[in-house]
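Visitor: I'd like to go over a predicted model; first the sequence, then the structure.
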Amino acid sequence: MNTLLIVAGVIAIVLLLVGGFTPALNFLLWVGIILLAIAAIGWLLSYTNGHRSHGV
């Protein structure tokens, strides 16, 4: 699961850069923002679940 989140984060950053530099591909900016938000939410869920299962 962590590998998937890392891949989604890298793809999101690349799409943000491409969408920011190329006005014609502005929709990639929104796709990148959505992917980055999904990756951040997934990371937070895995982080909190990991700490909760250890009793911390």
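Guide: Happy to help now that I have it. Note that this is a predicted model, so its numbers are computed, not measured.

Visitor: number of nearby residues for residue 4?
Guide: Using other Cβ atoms under 10 Å, residue 4 has 10 other residues around it. Glycine gets a C-beta too; all of them are placed from N, C-alpha and C.

Visitor: Please apply the same query to residue 44.
Guide: 11.

Visitor: Kindly report the same for residue 38.
Guide: Residue 38 has 14 neighbouring residues, counting by other Cβ under 10 Å.

Visitor: name the helices or strands packed onto the lengthiest helix in the chain?
Guide: Taking DSSP state H as the criterion, the chain has its longest helix at helix 26-53. Judged by 3 or more Cβ pairs under 8 Å, 6 or more residues apart in numbering; DSSP states H and E, the packing partners of helix 26-53 are helix 2-21.

Visitor: what's the burial count for residue 32?
Guide: Neighbours of residue 32 using other Cβ under 10 Å come to 20.

Visitor: per-residue pLDDT, residue 19?
Guide: We have a pLDDT of 66 for residue 19.

Visitor: try residue 22
Guide: We have a pLDDT of 67 for residue 22.
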